[in-house]
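>>> Here is the input, now give the coordinates:
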Amino acid sequence: MANADRRELVEDDPAFTWEPYRPSGVLRVTHTSCCGMYEFASGGGTFFVLRHVGGARYEETGRGRYPIALAAYIALVKQHHADHRGRGERPEPDTYLAREGRRG
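All right, here's what the predicted structure looks like:
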């Protein structure tokens with residue numbers, strides 16, 4: 001993975017370009033984060049992170065190969081968990097964080 005792909009990402013970072021979800025093939029959501037904030041998904045041979053923006057609308061970021069999309073998902077969920085802790089709340093455990101992106 002290139003160095004740019006490894007950098008720590010946060011939602012406000014310009015590395016996260018949220019765009020309207022564009023369906024490509026069968027949508028498969030394989031993991032959902034705490035509060036249902038983010039979904040790790042794939043479709044048409046690519047992986048990406050989805051977030052709900054109201055009604056039936058979704059946005060996506062991190063579209064690409066598995067490691068790129070998973071790095072985006074993990075960075076977003078880490079930030080989401082930090083937001084919970086900042087409010088004195090305990091976030092739900094996330095198995096993708098526990099294994100730090102190891103597939104399988």
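>>> Quick check: buried residues in the longest helix along the chain?
The helix that spans the most residues within the chain, counting by DSSP state H, is helix 66-86. Residues of helix 66-86 classed as buried: 68-81 (neighbour count, 16 or more other Cβ atoms under 10 Å). Where C-beta positions appear, they are placed from N, C-alpha and C, glycine not excepted.
>>> which stretches of the chain have low pLDDT?
Along the chain, the parts satisfying pLDDT under 70 run over 1-15, 99-104.
>>> Tell me where it has helices.
3-6, 66-86, 95-98.
>>> Distance to G55 for those - can I get that in TSV?
Output for these, formatted as TSV (distance: least, Cβ to Cβ, whole Å):
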stretch	distance to G55
helix 3-6	32
helix 66-86	21
helix 95-98	27
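>>> need the buried residues of helix 66-86 in CSV with distance to L27, can you?
Shown next, in CSV, are the buried residues of helix 66-86 (distance: Cβ to Cβ, whole Å):
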residue, distance to L27
I68, 18
A69, 14
L70, 17
A71, 21
A72, 17
Y73, 15
I74, 21
A75, 22
L76, 19
V77, 20
K78, 25
Q79, 24
H80, 22
H81, 25
